[in-house]
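K.L.:
The amino acid sequence is not available; the structure is as follows:
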């Protein structure tokens, strides 16, 4: 595997995984005042479309990464709506 | 352009653009208590690696989208560090 492909895998792991600490923080603190409802609405919708794109284009990495991201983003969005 | 490609473009626009309302909210309110420093550290690094991946693999959409996202994410990260 070449350095460019490895860079892509690390990039995907970081951008997908980064939403986990935010989800944990939001669940633990219920502090959502600084979180943008507009951001997470657009982001969750965008991630859902990426998921569908991955599904129907047969791109497994895009499908898997965006399924995980959608779960984290949805948790943050639900908490933002519930504890705004 | 087929429906799958269009879905991908809309998905890219949404996930990239979603960070703009968060950046605007953070700049206006300086309210970063609910924002995860760990998330934006990992996310900004991941976006930088995506940018390099796009640059060195000659993938212009990935390069452009991640340059824009990196700008927004960096603004949020700087505010989080400054006003935590």
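P.N.:
Structure received. None of the values given here were measured: they were computed from a predicted structure.

K.L.:
and the residue nearest to the spatial centre of chain A, how far is that from chain B?
P.N.:
Among the residues of chain A, the one closest to the centroid is residue A:69, at 2.7 Å (Cα atoms, centre = their mean). With the distance defined as Cβ to the nearest Cβ, to the nearest Å, residue A:69 ends up 9 Å from chain B. To be clear about C-beta, it is placed using only N, CA and C from the backbone, and glycine gets the same treatment.

K.L.:
That residue touches residue A:13, doesn't it?
P.N.:
No. Checked against Cβ atoms under 8 Å, the pair residue A:69 and residue A:13 is beyond contact range at 11.2 Å.

K.L.:
Going by residue numbers, what spans are helices in chain A?
P.N.:
Taking DSSP state H as the criterion, chain A contains helices spanning A:3-17, A:19-29, A:37-57, A:60-82.

K.L.:
closest one to residue B:30 among the ones you listed?
P.N.:
Closest of those to residue B:30 is helix A:37-57, at 16.4 Å (criterion: Cβ to Cβ).

K.L.:
Would you indicate which residues of stretch A:69-84 are buried?
P.N.:
Neighbour-count burial for stretch A:69-84, counted by 16 or more other Cβ atoms under 10 Å in any protein chain shown, picks out A:69-70, A:72-77, A:79-80.

K.L.:
Quick one: mean pLDDT for it?
P.N.:
For stretch A:69-84, mean pLDDT is 96.

K.L.:
Might you report the residue contacts of residue A:79?
P.N.:
Shown in contact with residue A:79 (Cβ atoms under 8 Å, 6 or more residues apart in numbering or on different chains): A:26-27, A:30, A:32.
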